[in-house]
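Undergrad: Everything below, folded, please.
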Amino acid sequence: MKKALVIAVDGPAASGKGTVARALARHYGLPHMDTGLLYRAVALNLWRWGGDPGNEFEALRACHELGLDPDDPELRSEPVSRIASAISTYSAVRTALLDRQQDFAGQPGGAVLDGRDIGTVIAPGADVKLFVTASPEVRARRRMGELLARGMPSHYEDVLADIRARDARDSTREVAPLKLAEDAVLLDTTDLDIDQAIAEAIRLVEGRVAA
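TA: Numbering: from 1, shown residues only. Modelled structure (predicted):
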């Protein structure tokens, strides 16, 4: 019987972790979860209800009856991105979404999950943990390209400032901060194109599995 394989992919915004995680899922024939979409779905609920992102109770209410349409363009809009980053600091919100993520990680055969706290909180026993990163400047250019491709006006300096602000929030929050797990492998994609990043990720996973 084939052994289950759980791969945790963490990293800051626009580092390429989602691209890497999806490619690994295809390569190994595993289901994939972008856990950031869960927080975006909550943020979208809150935004559509006219709720206050600064109120933890209202953010928690937005976790209930959570629908998730990955193709909804508003999930990746800048207002929803900012709200998702803000509400992800709330312990009540993270607790409300914890079981859903851990159930996905624990399914037979394994899974690939990407986010900010997969290797440290969601799946600390993952077989392979990757931490994907890149310089803030490169990540800002990538994010700006994504926004422009969706017809959303953007300016480099504004996007860079937002990237740095998110990094600060994610790495300093009290609950499940973004950090490199002790047994994670670092993958810096600053100077890599998509194909190179994917190839290196597969090489790193193969090395850990073989070990």
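Undergrad: Am I right that Ile7 is in a helix?
TA: No: with DSSP: H, G, I helix; E, B strand; the rest coil as the criterion, Ile7 is strand rather than part of a helix.
Undergrad: I figured it hits Leu130, correct?
TA: Yes: taking contacts as Cβ atoms under 8 Å, Ile7 lies within contact range of Leu130: 7.1 Å. All C-beta atoms are positioned from the backbone trio N, CA, C, and that covers glycine.
Undergrad: anything in contact with each of the two?
TA: Val205 (Cβ atoms under 8 Å, 6 or more residues apart in numbering).
Undergrad: Look up the pLDDT of Pro73 for me, please.
TA: Pro73 is assigned 85 on the pLDDT scale.
Undergrad: Now do the contacts for it.
TA: Arg150 are the contacts of Pro73 under Cβ under 8 Å, 6+ apart.
Undergrad: and if you look at Asp10?
TA: With Cβ under 8 Å, 6+ apart, Asp10 has these contacts: 17, 114-120, 129-132, 178, 180-181, 184.
Undergrad: Which ones among those residues map onto helices?
TA: Lys17 (DSSP state H).
Undergrad: Just give me the closest of the contacts of Asp10 to Leu66.
TA: Gly115 (15.9 Å; Cβ to Cβ).
Undergrad: neighbouring contacts of the host helix or strand of Val205?
TA: In the assignment (DSSP states H and E), Val205 maps to helix 194-210. Contact partners of helix 194-210, identified using Cβ under 8 Å, 6+ apart, comprise 5, 7, 16, 19-20, 23-24, 27-28, 127-128, 130, 132, 185, 187, 189, 192.
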